[in-house]
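J.: got a sequence here, can you model it:
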Amino acid sequence: MLINEKSIEYLICAGYIKGSVLIMLKFLTEGIGTLMLVLTIGLTTDPIAAGLILVALLYIGFSITEVHYNPAVSFGVWAIGRNSSAEFLVRFAGQFCGAIGGAFIVSWISMLAFIPQPAVSTGVAEFVVLDIIFSTLFVLLFLLLIYPRIKRKNPLFGIIIGVAYAGSYLVVEPIIGFGLHPALNTGFSIVDYMDGGSSFSHLPIYFFSPLVAALLAAWIHKNVTKHYT
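T.: Down below sits the predicted model:
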């Protein structure tokens, strides 16, 4: 009886340790990957560089565990039921920690704060609509490639997603800045605020528009893929 009890305790302990390691692994991969993406954008402001780095990060990350590197993507994955609420929060925390850390490193290296803001001529309506449209496109592409219903995950998923990311930024960056990513803009807004800037006034749109887009992308994904079940 003692052996059985000890065996049960051992299994419970082993399961707890394994679960804790997996949680920490998800947190770290999301955090480090998001940090690298923020560094790329903050130091280069180049959409193509951001897309290429995202390609590399996706293949590296998926060789370890499932990765998103974007709260909007994680929110969309949660909305279609492929991640639990606990896992979503772990990813969310990792992404924001990585983004804030990356923003501070950019400020330290460049001696200037990267300022997230739309063009002066861009109105609020254009800002919101463009951020939602291209965030929806990006999140939907991610969901369809990573979570297909009947086919295996496309081995070119990283390249396709990276190209789409770069293409989206090439279109929207001159108009609304680097949107599509709540954590990225939160990190840069915090650093800019600490330097006396006021770009945080744009943060509500940068933060909530991609999350609304994620829900829209999740709804489209569910309605598109249900015909192939």
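
J.: so where's this protein uncertain?
T.: Applying pLDDT under 70 to the chain flags the ranges 1-19, 149-152, 227-229.

J.: where along it do the helices fall?
T.: Remark: helices assigned in the chain by DSSP state H are 2-44, 47-62, 71-79, 85-110, 124-146, 157-176, 182-194, 203-225.

J.: any chance of those in TSV, with distance to Pro116 and mean neighbour count too?
T.: Glycine gets a C-beta too; all of them are placed from N, C-alpha and C. Listed next are those as TSV, based on distance: least, CB to CB, whole Å; neighbours: other CB atoms under 10 Å:
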stretch	distance to Pro116	mean neighbour count
helix 2-44	10	15
helix 47-62	14	19
helix 71-79	15	26
helix 85-110	9	20
helix 124-146	12	20
helix 157-176	10	19
helix 182-194	5	24
helix 203-225	6	19
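
J.: pipe the ones you listed into CSV and attach distance to Pro118 per row.
T.: Listed next are these as CSV, based on distance: least, CB to CB, whole Å:
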stretch, distance to Pro118
helix 2-44, 16
helix 47-62, 15
helix 71-79, 18
helix 85-110, 18
helix 124-146, 5
helix 157-176, 4
helix 182-194, 11
helix 203-225, 8
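
J.: for the nearest residue to Arg91 once chain neighbours are set aside, what are its contacts?
T.: Spatial nearest neighbour of Arg91, chain neighbours left out: Ser74 (4.5 Å); criterion: CB to CB, 6 or more residues apart in numbering. Neighbour list for Ser74: Glu30, His68, Asn83, Phe88, Arg91, Phe92, Gln95 [criterion: CB atoms under 8 Å, 6 or more residues apart in numbering].

J.: most centrally placed residue in this protein?
T.: Asn70 (0.4 Å; CA atoms, centre = their mean).

J.: isn't that one up against Leu180?
T.: Yes: contact criterion CB atoms under 8 Å: Asn70 and Leu180 qualify, at 7.5 Å.
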